[in-house]
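S.K.: Sequence below, structure please.
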Amino acid sequence: MGNKKGIAFYEHGSWYHRLKQLQNDGTTKYSKKGGFSTAEEAERSYYACEEAYKRACRAYRASSSANFELADYLVFWLYDLILPNVNQGVKLWHVSVEYLNVLLKMVSKTCESAGNKSRELLNIAFKDAVAHGFISRNPVPDTKPYKRRKPKIMVLNKEKMRFFLEKASESSWYLEILLGLFVGLRKGEILGLKISDFDMGHSTVSIKRQVTADPIVLKGQSAVSEYQVIEKEPKTQNSFRTLRVPEAVMVEVTKRKRLIDLRKEALGEAYIDKGYLSCRENGLPHSLASFNSALTKLCSRNGLPHITVHGLRHMYATILIEQGVPLVKVSALLGHASVHTTFEYYCEVMDENERILDFMNGSFMPEE
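M.R.: This next block holds a predicted model:
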């Protein structure tokens, strides 16, 4: 028997390490590799072989993703990110902030989003451990956060903004576009708005819910058969908020309310009244893809850069920051979980010298 020393072990006159090799059918072959003069040499080879194995797995996953089973993918993803870096024998109640910081630092080297996503996974796991009484406190919130992938933020200049809004005013989605651009709402928040959420006297709107997709899997099947649209609470606790609404947007809210009243009168009992402001002709909520589809068509037909619903929200935030609105205020308006989230997204914007003037004062609105 060899004398084990870390990941390297001595056997038959030389140093060895364990080896994983991906086979053509996607299975893993376990073996050992030897012939090394020192333990350090074996360890270096081990790490090189591990990286080669991970690259091979990623390439295989990309080439055969259609046949990759969910369970296998999740096991691989979790193993590739976290488990290889966890020391054996560490007790759950012994895990400290310092230990997790070291773990996350190693994990973060796997890919761009690994550090942040692994931190989220660990937070869920440790919250559950606290709930079951295994530990008294969750250490993950005190660990170092990792940067999120920054979105590509595009802000139209004044001329293009005026043209965009002029064309948008001809669309049935005009109100929804204004709510994204001048109130900064998420797509699900816009689609979840009800007429009762607006205070017409004070020109405010209260964000109380979002509309999102819920997958339906029929009994005896593993695949999703369809997605239904359901109401859920807003994305974060800070997403519950009451916002002032520009006068031009309130005018469109009033017009939409009148349109809905006419539809109710025309359809009678066929109108399914759930109180939605943004809805189909029969009162039911729009599909989640419909808003972005409408924006894509609008931009394509008018030679404008591609804009998404979330892009409208980014423009709203960018203009606020360039107008000198404090970051903590911008974070509250957006309903972000923390100011740190807002800073990660928009820190580069804060360094720009160019400022956009006359924000939300009517200068961007189409002329009558």
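S.K.: who touches C279 in this structure?
M.R.: 260, 285-286 (CB atoms under 8 Å, 6 or more residues apart in numbering). The way it works is simple: take the backbone N, C-alpha and C, and place the C-beta from them, glycine included.
S.K.: ok, those residues vs G184, which is closest?
M.R.: Nearest to G184 among these is H286, at 19.6 Å by CB to CB.
S.K.: distance of E50 from T110?
M.R.: 11 Å (CB to CB, to the nearest Å).
S.K.: Compare neighbour counts for the two and give me the winner.
M.R.: Taking other CB atoms under 10 Å, E50 and T110 do not tie; T110 has more neighbours (19 against 16).
S.K.: Using the three-state scheme, assign the more buried one.
M.R.: At T110, secondary structure determined by DSSP: H, G, I helix; E, B strand; the rest coil is coil.
S.K.: for it, phi and psi?
M.R.: phi -70, psi -50 (degrees, to the nearest 10).
S.K.: Turn the contacts of C279 into TSV, columns for neighbour count and secondary structure.
M.R.: Shown next, in TSV, are those (neighbours: other CB atoms under 10 Å; DSSP: H, G, I helix; E, B strand; the rest coil):
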residue	neighbour count	secondary structure
I260	20	helix
P285	18	strand
H286	20	coil
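S.K.: ok, N101 touching P145?
M.R.: No: the criterion here is CB atoms under 8 Å, and N101 misses it with P145 at 10.6 Å.
S.K.: Write down the beta-bridge partners of V211, one by one.
M.R.: E231 (DSSP bridges).
S.K.: list the contacts for it?
M.R.: 188, 191-192, 229-232, 285, 288.
S.K.: all helices of the chain, in order?
M.R.: For the chain, helices defined by DSSP state H occupy the ranges 39-63, 70-81, 97-107, 114-131, 158-168, 174-182, 187-192, 247-267, 290-301, 309-322, 327-334, 339-350.
S.K.: Return the set of buried residues in the fifth one.
M.R.: So that's helix 158-168. The neighbour-count check on helix 158-168 (16 or more other CB atoms under 10 Å) flags 161-165, 167-168 as buried.
S.K.: List the contacts of S37.
M.R.: 14-15.
S.K.: let's see 6 Å
M.R.: By CB atoms under 6 Å, 6 or more residues apart in numbering, the contact list for S37 is empty.
S.K.: With K264 instead?
M.R.: Y271.
S.K.: just for the stretch 251-368 of the chain, where's the confidence low?
M.R.: 344, 347-368 (pLDDT under 70).
S.K.: switch the cut-off to 90
M.R.: 287-288, 318-328, 330-331, 336-368 (pLDDT under 90).
S.K.: Also the stretch 101-250 of the chain?
M.R.: Looking along the stretch 101-250 of the chain with the criterion set at pLDDT under 90, you get 102-135, 141, 144-158, 212-230, 235-238.
S.K.: and if we set it to 70?
M.R.: Looking along the stretch 101-250 of the chain with the criterion set at pLDDT under 70, you get 148-153, 215-227.
S.K.: Send over stretch 242-262 as PDB, restricted to the C-alpha atoms.
M.R.: What follows is stretch 242-262 as a C-alpha-only set of coordinates in PDB (Å, rounded to 0.1, in the frame of the first residue of the first chain):
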ATOM      1  CA  THR A 242     -44.900  53.400  -4.100                       C
ATOM      2  CA  LEU A 243     -43.600  55.700  -6.900                       C
ATOM      3  CA  ARG A 244     -44.600  59.100  -8.300                       C
ATOM      4  CA  VAL A 245     -45.800  58.900 -11.900                       C
ATOM      5  CA  PRO A 246     -45.100  61.700 -14.400                       C
ATOM      6  CA  GLU A 247     -48.100  63.500 -15.600                       C
ATOM      7  CA  ALA A 248     -47.700  62.300 -19.200                       C
ATOM      8  CA  VAL A 249     -47.900  58.700 -18.000                       C
ATOM      9  CA  MET A 250     -51.000  59.400 -15.900                       C
ATOM     10  CA  VAL A 251     -52.700  60.700 -19.000                       C
ATOM     11  CA  GLU A 252     -52.100  57.400 -20.700                       C
ATOM     12  CA  VAL A 253     -53.300  55.500 -17.600                       C
ATOM     13  CA  THR A 254     -56.600  57.400 -17.800                       C
ATOM     14  CA  LYS A 255     -56.900  56.600 -21.500                       C
ATOM     15  CA  ARG A 256     -56.200  52.900 -20.900                       C
ATOM     16  CA  LYS A 257     -58.800  52.800 -18.200                       C
ATOM     17  CA  ARG A 258     -61.400  54.300 -20.600                       C
ATOM     18  CA  LEU A 259     -60.500  51.700 -23.200                       C
ATOM     19  CA  ILE A 260     -60.900  48.800 -20.700                       C
ATOM     20  CA  ASP A 261     -64.300  50.200 -19.700                       C
ATOM     21  CA  LEU A 262     -65.400  50.100 -23.400                       C
END
